[in-house]
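Peer 1: I'd like to go over a predicted model; first the sequence, then the structure.
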Amino acid sequence: MTAPAIFARLSGFFLVFMIMALSLVTPSVAQSQTTRITRVVSPGGIEAWLVREKTLPLIAMEFAFMGGAAQDPKGKPGIASLTASLLDEGAGDLTAAAFHQAVADKAMEIGFDANRDDLRGSLRTLSENKDAAFDLLRLAVTQPRFDTEAVERIRAAQLAALRRRSTDPNSIASETWFARAFPDHAYGRPVDGSLATVPTITREDLAAFAKRTMARDNLKVAVVGDISPEDLGRVLDHVFGALPAKADLVPITDVAPKGIGTVDVVPLDVPQSVVLMGSTGLKRQDKDFIPAYVLNHILGGSAFSSRLFKEVREARGLAYSVYSYQVALDHAGLWFAGTATKNERAGESIRIIGEEFAKILAEGPTKEELDEAKSYLTGSYALRFDTSSKVAGQLLQIQIDDLGIDYIDKRNALIQAVTLDDLKRAAKRLTDAKDALTVVVGRPQGLSGG
Amino acid sequence: MAAIIAAASASAALSDAHAAGPEISQFELANGMKVMVIPDHRTPVATHMVWYQVGSADEQPGKSGIAHFLEHLMFKGTDKAPAGQFSAEVARLGGQENAFTSYDYTAYYQRVAKEHLEKVMTFEADRMTGLKLTDEVVLPERDVVLEERRMRTDNDPGARLSEALQATSYMNHPYQHPIIGWEHEIKQLNREDALAFYRRYYAPNNAVLVVAGDVDPAQVKALAEKTYGQIPRADTPPRARPQEPEPQAHRRVELTDPRVAQPTVQRSYLVPSYRTGEGREAVALDLAAQILGGGQTGRLYRSLVVDQGLAAGAGAWYQGTSYDATRFGVSAAPLPGVTLEKLEGAMDGVVAKLAAEGPDELELARAKTRLTADAIYARDNQATLARIYGAAWATGISADKVNAWPDEVKAVTADEVKEAARRYLTLDRAVTGYLTAPAPAPEKTPAKAPENRS
């Protein structure tokens, strides 16, 4: 079903979270793309990666300011998110209405979104309108107005979305998990704030956040489309050149999830319990990240052939959706599994997922499973590069993860090189997952042993 | 399998093709199967889809959900490819696959490196008529579908209201039943039901093959003849569904649930689709949806959210890709302290004004720009293109008509938009839905008794 447009502005926290997980999980490749990437450095020293693509009259730009919601002051989560939502609500001499009209008149798409570790922006435009599009983007990034009218209107929309999520089992599961796992850390705070904190955020908070976290030294940019490197260089200075040279970021400490081995039930009157189990994973820079990624694929990453899919869904019909995935945040590696199953069989589902974790960690996958995983992961890499926005998104993520401009060429070889011993080594470092911090939202039965 | 129920995408669904749209090759195999090939040579991958012109609205009474259940069961194997083999092979090739069911169609797809196209075509052709089912696989899968229903609908009050709104919108047409089926009927579906439905509708002459990507039409044609071309034509019944009478009365549905923390009001009108509409009615409705609900420049947002300060959000949609009469919707979420009645009244005012006065030239031009740009943006995504052309075919719209769509958008006049709104966006064609929380329980001890009245 099409989501009601009224909630398009703030997608559910869980959804945002899932998208982040997908994009963080690892880039994959397409040989044909790599050689086409140009590293562009503007006269003013701003860097971007460009794939020049002239087939279609489009330009896609994806960019990120590192920092994100982790930079929200303690006690006031939601500032990064609200800031992101307000950047295109009036800028320079354009009011919100005038700004939106200018964007709509030329069918451009400009959007911003806050995550835990960054604030991302995207632009899509027809090539013929690129000058106007980049000029509007310049205003949004460098001269957001934060007019009272706009702040109150977007605050009201944010509160409406938060009210809606306050009884949504997926949102509750995710927020509860992070709050329990990181009680004394920025990652424990809700990215979009709460019903208590969003009303307290002032326009000064927003302006200060933008000024502090949107700078040239924490900016990563990727562009795909019909634009030359020389033109892009000029565009980069035009759009981002007026930003401060340096961001003023609060240091964030590395952290591991707490509460491993505990189960938290949040009662909610729904027929189906939503289950989220999470434990320690590996960060993207970890030398065992790729083996851990392959291990996860075999356990619950593969859509129709993972162990969790076969055991929970296919053999027992316990759930429609069952999966596991890694989230590599800047300061924590995480490994999650999730499902949704009728209350009467929730305990059984949780038990089976736990057993599958324990089994794969103790015994490892078979050689055949490893070979099939490699075959899928290397063969499917090209599918991540089949639209301009997807290519730009991959180029941005590779920059954020600091994997190098030749990563796309190297990536499949990294997967191919993984051995069963590598998987054992990674598994040893992931033994938390046998127990996990489990959050269940619903009226689950049979939690103590099925 | 991870069967996505595509309740069809909303207003942008038909938007594709541009003046210089993709050059689609179309042909038909001797057994009646249609083929469309959409070129995209930017990446060496191909999207392979088979669409059957059968959906939930073609089900027999009492068997709601069988089209979707069969879609799940299509992954359970054939004599040549026992259960799991097709999926395992797709995974081994680095491919992605899935399937989805809607009111009017059921589709299966794989996305693979282009050199693997023949392999997926061979498997897909095999399961067009070779499905084998046993109760050992059918019964657990039925539980999976029931869990899918709980996840999508039963666990979410908003989705339950949407289901009630859909059911109430159609008094006679089978669009009144949810695609996934009613729970009590899903529980009764069995192997025989699935096979009967399969034998009745799954045939080459009731399907279209869409291949998008880095492929050559001549090569696709040769492969299609070698695979799908070997399957004999079957005697598929013509599509004949009970049609809606002209609606006579405004209807209301209200869903009250303690879990509703943010109320909403939703309204849907019975309107023509691209297939059933006369002249440019459907494209005028697409423009009306854009003018009313196109983001922050849409009239509903500007009026209800910005000017009147009644709503946190507001929008509109039109589902033009539908074989029979379809729906046009508007919705809004009130700010605290604003009643749904008041918000509904304001929403009515916005819709009525469009019907009375039509759009102004500037906003009409802006809406046209948006829709024609969508057609260009769609060309950036071969999977999107494959879905647009496949869904169009399954709902009775030719590829040529899809290609002509941007020109049709440009030709629509302000009067045509006004006339479409005047004729169709009227209360007697509408259902209005309220999503609310229960009124607070009365206090156990009455508030202080009035004192000192004199």
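Peer 2: Perfect, I can see it now. None of the values given here were measured: they were computed from a predicted structure. Numbering: from 1, shown residues only, chains lettered A, B, ... in the order given.

Peer 1: And for the closest residue to chain B within the stretch 251-400 of chain A, nearest residue in space, chain neighbours not counted?
Peer 2: Taking CB to the nearest CB, chain B has its nearest neighbour within the stretch 251-400 of chain A at residue A:379, 1.6 Å off. The way it works is simple: take the backbone N, C-alpha and C, and place the C-beta from them, glycine included. Distances taken as CB to CB, 6 or more residues apart in numbering or on different chains place residue B:94 nearest to residue A:379, at 1.6 Å, with adjacent residues excluded.

Peer 1: Check for me that that neighbour belongs to a strand.
Peer 2: No. Checked against DSSP: H, G, I helix; E, B strand; the rest coil, residue B:94 lies outside a strand; its state is coil.

Peer 1: And the pLDDT for it?
Peer 2: Predicted confidence (pLDDT) at residue B:94: the value is 94.

Peer 1: so what's residue B:254 up against?
Peer 2: B:433-434, B:436 (CB atoms under 8 Å, 6 or more residues apart in numbering or on different chains).

Peer 1: right, I mislabeled it, should have said residue B:285
Peer 2: So residue B:285 contacts B:271-272, B:277, B:318, B:320, B:328, B:420, B:424 (CB under 8 Å, 6+ apart).

Peer 1: switch to 7 Å and redo it
Peer 2: For residue B:285, the contact set (CB atoms under 7 Å, 6 or more residues apart in numbering or on different chains) comprises B:271, B:318, B:320, B:328, B:420.

Peer 1: tell me the two of the residues you listed that are most distant?
Peer 2: B:320 and B:420 (11.6 Å; CB to CB).

Peer 1: can you map out the strands along the stretch 351-454 of chain B?
Peer 2: Ranges of strands in the stretch 351-454 of chain B, per DSSP state E, counting those that start in this stretch, are B:430-436.

Peer 1: Next one: the residue of it found nearest chain A, what pLDDT does it get?
Peer 2: Using CB to the nearest CB, residue B:373 is the residue of the stretch 351-454 of chain B that sits closest to chain A, at 3.3 Å. Looking at residue B:373, its pLDDT is 94.

Peer 1: Skipping adjacent residues, who's closest to it in space?
Peer 2: Nearest non-adjacent residue to residue B:373, counting by CB to CB, 6+ apart: residue A:107, 3.3 Å away.

Peer 1: which residues of the stretch 151-300 of chain A fall in helices?
Peer 2: Along the stretch 151-300 of chain A, the stretches classed as helices by DSSP state H, counting those that start in this stretch are A:169-181, A:203-213, A:229-240, A:289-296.

Peer 1: Among those, show me which one is buried the most.
Peer 2: The highest mean neighbour count among the helices of the stretch 151-300 of chain A, using mean count of other CB atoms under 10 Å in any protein chain shown, belongs to helix A:289-296: a mean of 25.

Peer 1: low pLDDT regions in the chain?
Peer 2: Let's take chain A. For chain A, the stretches with pLDDT under 70 are A:1-35, A:448-450.

Peer 1: To clarify, I was referring to chain B.
Peer 2: In chain B (pLDDT under 70), the answer is B:1-21, B:442-454.

Peer 1: where exactly do the strands run in chain A?
Peer 2: A:37-41, A:47-52, A:58-66, A:109-114, A:118-126, A:219-225, A:263-267, A:272-280, A:322-328, A:333-342, A:437-442 (DSSP state E).

Peer 1: out of the ones you listed, nearest to residue B:30?
Peer 2: Of all the strands of chain A, it is strand A:58-66 that lies closest to residue B:30, at 39.6 Å by CB to CB.

Peer 1: so what strands line up beside that closest one?
Peer 2: strand A:118-126 (antiparallel), strand A:219-225 (antiparallel) (DSSP bridges).

Peer 1: can you list the residues of the stretch 101-250 of chain B near chain A?
Peer 2: For the stretch 101-250 of chain B, the residues in contact with chain A (CB under 7 Å from any CB of the partner chain) are B:111, B:113, B:140-141, B:143-144, B:147-148, B:150-151, B:154-155, B:162.

Peer 1: now the residues you listed in JSON lines, with neighbour count?
Peer 2: Listed next are these as JSON lines, based on neighbours: other CB atoms under 10 Å in any protein chain shown:
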{"residue": "B:111", "neighbour count": "26"}
{"residue": "B:113", "neighbour count": "21"}
{"residue": "B:140", "neighbour count": "15"}
{"residue": "B:141", "neighbour count": "21"}
{"residue": "B:143", "neighbour count": "20"}
{"residue": "B:144", "neighbour count": "24"}
{"residue": "B:147", "neighbour count": "26"}
{"residue": "B:148", "neighbour count": "21"}
{"residue": "B:150", "neighbour count": "22"}
{"residue": "B:151", "neighbour count": "23"}
{"residue": "B:154", "neighbour count": "18"}
{"residue": "B:155", "neighbour count": "24"}
{"residue": "B:162", "neighbour count": "24"}
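
Peer 1: Could you work out the most separated pair of those?
Peer 2: Spatial extent of these (CB to CB) is set by the pair B:113 and B:154 at 39.7 Å.

Peer 1: Now the phi/psi pair for the residue in chain B that chain A sits nearest to, please.
Peer 2: Going by CB to the nearest CB, chain A is nearest to residue B:94 of chain B, at 1.6 Å. Residue B:94 adopts backbone torsions of phi 80, psi 30, taken as degrees, to the nearest 10.

Peer 1: Report the separation between it and residue B:117.
Peer 2: Going from residue B:94 to residue B:117 by CB to CB, to the nearest Å gives 13 Å.

Peer 1: Ignoring the adjacent residues along the chain, who's closest to residue 369?
Peer 2: Reading this off chain A. Closest to residue A:369 by CB to CB, 6+ apart is residue A:298, at 4.9 Å.

Peer 1: look at chain B instead
Peer 2: residue A:107 (4.9 Å).

Peer 1: tally of neighbours for residue 370?
Peer 2: I went with chain A, as the question did not name one. 21 (other CB atoms under 10 Å in any protein chain shown).

Peer 1: Sorry, I should have been clearer: chain B.
Peer 2: Neighbour count of residue B:370, defined by other CB under 10 Å: 23.

Peer 1: cool, residue A:288 as well?
Peer 2: 20.

Peer 1: now do residue A:380
Peer 2: Residues near residue A:380, counting by other CB under 10 Å: 21.

Peer 1: And it, how close does it get to residue B:90?
Peer 2: Separation of residue A:380 from residue B:90 (CB to CB): 10 Å.

Peer 1: same deal with residue A:264?
Peer 2: 38 Å.

Peer 1: Settle it for me: which of those two has more neighbours?
Peer 2: residue B:90 (25 against 16).

Peer 1: Quick one: residues contacting residue A:125.
Peer 2: Contacts of residue A:125 (CB under 7 Å, 6+ apart): A:59, A:108, A:133.

Peer 1: How about the residues of the stretch 301-450 of chain A by chain B?
Peer 2: A:302-305, A:313-317, A:319-321, A:340-342, A:372, A:375-376, A:378-380, A:382-383, A:385-388.

Peer 1: This completes my enquiry, with thanks.
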